[in-house]
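Chemist: Quick one, what's the 3D model for this:
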Amino acid sequence: MNKANILTASALILSGMLFSGCQAIGDIFKAGMWSGIVIVILVVGVVLYLISKAGKKSD
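Modeler: All right, here's what the predicted structure looks like:
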């Protein structure tokens, strides 16, 4: 193989590794985003429940 072929093959292998790494990081952030959304919804639900219970006790 000459220098141009080695350089081309190296560039293809390197870009393939980098793009697969970016995909993995993107998947991690998507999972983190969804778990964050679920946690926020649960916290808001608990706060609303506590507020509704506190309102009923004062009646």
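
Chemist: CA only for contacts and neighbour counts going forward, please
Modeler: Noted.

Chemist: Tell me the secondary structure of Trp34, please.
Modeler: Three-state call for Trp34 (DSSP: H, G, I helix; E, B strand; the rest coil): helix.

Chemist: hey, where'd the helices end up in the chain?
Modeler: Taking DSSP state H, the helices of the chain run over residues 3-57.

Chemist: Give me the below-cutoff pLDDT ranges for it.
Modeler: 1, 16-21, 57-59 (pLDDT under 70).

Chemist: Recalculate using a threshold of 80.
Modeler: Scanning the chain for pLDDT under 80 picks out 1-5, 10-28, 55-59.

Chemist: So which residue is dead centre in it?
Modeler: Geometric centre of the chain, nearest residue: Phe29, 1.8 Å, by Cα atoms, centre = their mean.

Chemist: Against Leu48, how distant is it?
Modeler: Distance, Phe29 to Leu48, using Cα to Cα, to the nearest Å: 28 Å.

Chemist: do the same with Leu12
Modeler: Taking Cα to Cα, one finds Leu12 at 54 Å from Leu48.

Chemist: what's the answer for Ser15, then?
Modeler: In terms of Cα to Cα, Ser15 sits 49 Å off from Leu48.

Chemist: coming back round to it: identify the residues contacting the residue nearest to the centre of the chain.
Modeler: By Cα atoms under 8 Å, 6 or more residues apart in numbering, Phe29 lies in contact with nothing.

Chemist: just Leu48 next, same as before
Modeler: Shown in contact with Leu48 (Cα under 8 Å, 6+ apart): no residues.
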